[in-house]
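> what would the 3D arrangement of this be:
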Amino acid sequence: MLTALHKHAGDFVAKVFIALLVLSFGIWGIADIFRGFRQDTLAKVDDAEISTRAFQTAYSREVQNFSQRIGQSLSRQQAINMGLPGQVLGSLVAEAAFDHVAMSLKVGISDDALVKQIHNNPAFQDPDGRFDRRQLAQVLYSNQLSEDQYVKQARKLAKRRQVAEAITGEMHPPETLLEAAHRFRFEERTVNYVTLTKDSIPPVADPSDKEIEAYFKDHTTDYRAPEYRKLEILPVIPANIARPEDVNDEDARAEYDAAPNRFGTTEQRHILQITYTDPAKAAADEAKLKSGTSFEDLIKEKGLSESDVDLRLITKDKLVDPKVADAAFSLGENAVSDVIDGQFGLRIVKVTEIKPAANKPLEEVKDVLKKEIATRKAEDEVLSMHDEIEDARAGGATLAEIAKRFSLKLETIDAIARDGTAPNGDKVTLPDAPNNLLSEAFSSEIDDEAPPVQVGGRGYLWYDVADIMPSHERKLEEVREKIASDWKDAQVQQRLAARADEMAKKLRAGTDFTDLAEASEMELQTSEPFSRDRNNNKLSAQAVTEAFSGAKDTVATADGVDGGRVVLQVVSVTTPAFFAESDVMKKLDNELSDMLQTSLISQFVTGVQDSIGVKINQTALSNAIGSSNQ
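Next comes the predicted model:
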């Protein structure tokens, strides 16, 4: 989807695309398999075809956009697990359905109107709000579109927009719904509560063998060993193969001289500054200073302290006013300037201290420079080694053989689960491994020649699944200690729940909460007012939900935030006054309008798809996303 192009296209366009994403999750229920259609056709909406290339282009763009949003590259399997194929295909199918409606209704847009829309798109405007063809070219280039392709898509988008506007119009929620939503969102409650912890009940004794055996029998699947895999990992990272010892002193010197300020500190000056709004007073003070009055005495005369005029030690670039900066950094130490007519008013400054710029000598930073030079050279080696290693893999060489040939270190992970743990429960340290390594490794089989995983911007990591240890049920003796601990934890929770229920029963019967807390030797606390989605108290989400489950004086129990149990009683319920014209309600009105319009568009497009028919080529889809499981 063309996020950069569509985000400024207007509210209705945004609503349409939200609806398309909602629709995408229903696409997978369509199981029709193509027969008699071209091999490059991935889906068909009535007579309109969605090509495999169109899907792959949209899918690649969506994966790239999503990766940028989360700050890391998505692997093939991660993208599939997150449902991105379904979202992209759903959007393409829904767009085709909209195009079908627009065509059947003979919806159109003139060339002049389309040009005006494109010119009014902020994505193509300069900072002054004027259309900029260079900006248009840049955005289209980054989205891999020609101008003709974009104009064609913009025309379709404009037609879809007209259909969407015709469906929803200026839909707003009725005031009754708005008032109910206001009450739901902004109602606040205060509760009295006590927190029961394991210290609130007698200690739980260790379980007997019979109790351990019974607990294990009831929870056998909870202690099932996960699937483990043995991995061989070959990272080829510039920093790992760099050879700083091969870099000579002359190269290090050249690198040092090329950036003379890199290993130094910028000149700093301690500056005092008096500001003026009256030119006559500034001139009079300048004359006093020239006649012998000290800057410090002048400060006192004006009723100022040194802290009032102290800019402290500062570099030239940190002074906002360039005229003040130039004047202050042209003075000698303890020198005073004339009146400076700066951008932000008149100034007189004094420099009380100068810390000159200083550079570390080459000898102190030579090792750092050599390592950097070696790493840059290694980046080119990595690219060359990538092709050679891939050729060796294609020729049947094992990772161990490749590691020996290139003098690389092959890492072996004897057993690791999908969550990154070893059989003993400890976290396994993966050398130089990107976040998506395990998801890729657990999607591969023993004989698969998996493609390398990119590490950072310049490195690669090859891996092989050397062995697979299937998930299996553990024997009691393997987990006896863990079962004993879990049994005791379960007993604590059961007894806390029973005690909490007993206290809640007494409260519902009319016992005063203060008296009950004192008798139970517990601290009775009163919360700050909180709403359903704004909870600043030490209450769990479940406790907040329970607090809104009834009227004032409602009594409830819930999980505590730290594993204990909470008994609470609602002591106050307040709702801010409802003013339909307030800014808050206008914002809520817009949110509800978006939801209603999105829902209506979603239902409309679903109905269109049902009536005209949608077919999905599941084989082509699986091939397009690199999965045989779809």
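> contacts and neighbour counts: CA atoms only from here.
Fine.
> wait, isn't G459 in contact with L234?
No: the criterion here is CA atoms under 8 Å, and G459 misses it with L234 at 11.0 Å.
> who has more neighbours out of those two?
Set G459 next to L234 and count neighbours by other CA atoms under 10 Å: L234 wins out with 24 against 21.
> ok, that one touching A403?
Yes: counting by CA under 8 Å, L234 does reach A403; the two are 7.2 Å apart.
> hey, what's in contact with both of these two?
409-410 (CA atoms under 8 Å, 6 or more residues apart in numbering).
> what segments of the stretch 151-300 of the chain are strands?
Ranges of strands in the stretch 151-300 of the chain, per DSSP state E, counting those that start in this stretch, are 188-196, 228-236, 264-265, 268-276.
> walk me through which strands the last one pairs with, and which way each runs.
The one in question is strand 268-276. Using DSSP bridges, strand 268-276 pairs in its sheet with strand 310-315 (antiparallel), strand 345-355 (antiparallel).
> what is the mean pLDDT for that strand?
The average pLDDT within strand 268-276 is 94.
> follow-up on the earlier one: ok, which of the strands paired with strand 268-276 comes nearest R134?
strand 310-315 (37.5 Å; CA to CA).
> list the buried residues of that closest one.
313-315 (16 or more other CA atoms under 10 Å).
> before we move on, what about stretch 599-612?
Buried residues in stretch 599-612 (16+ other CA under 10 Å): 599-602, 604-606, 608-609.
> reformat those residues as JSON lines; add secondary structure.
Converted to JSON lines, those look like this (DSSP: H, G, I helix; E, B strand; the rest coil):
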{"residue": "S599", "secondary structure": "helix"}
{"residue": "L600", "secondary structure": "helix"}
{"residue": "I601", "secondary structure": "helix"}
{"residue": "S602", "secondary structure": "helix"}
{"residue": "F604", "secondary structure": "helix"}
{"residue": "V605", "secondary structure": "helix"}
{"residue": "T606", "secondary structure": "helix"}
{"residue": "V608", "secondary structure": "helix"}
{"residue": "Q609", "secondary structure": "helix"}
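> reformat the residues you listed as TSV; add pLDDT and distance to D501.
Shown next, in TSV, are the buried residues of stretch 599-612 (pLDDT from 0 to 100; distance: CA to CA, whole Å):
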residue	pLDDT	distance to D501
S599	87	42
L600	87	45
I601	85	47
S602	84	45
F604	87	49
V605	84	50
T606	86	48
V608	87	53
Q609	84	52
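> OK, contacts around N590?
Contacts of N590 by CA under 8 Å, 6+ apart are H172.
> ok, now how distant is it from L600?
Computed as CA to CA, to the nearest Å, the N590 to L600 distance reads 15 Å.
> and A254, by the same measure?
From A254 over to L600 (counting by CA to CA), the distance is 67 Å.
> same question, K404
63 Å.
> can you count the residues close to Y59?
Y59, neighbours per other CA under 10 Å, totals 22.
> same deal with M385?
16.
> tell me the SS of it?
Quick answer, by three-state DSSP: M385 is helix.
> can you pull the phi/psi pair for the most centrally placed residue in the chain?
Nearest to the mean C-alpha position of the chain, by CA atoms, centre = their mean, lies I70 at 4.0 Å. In terms of degrees, to the nearest 10, the main-chain angles of I70 are phi -90, psi -10.
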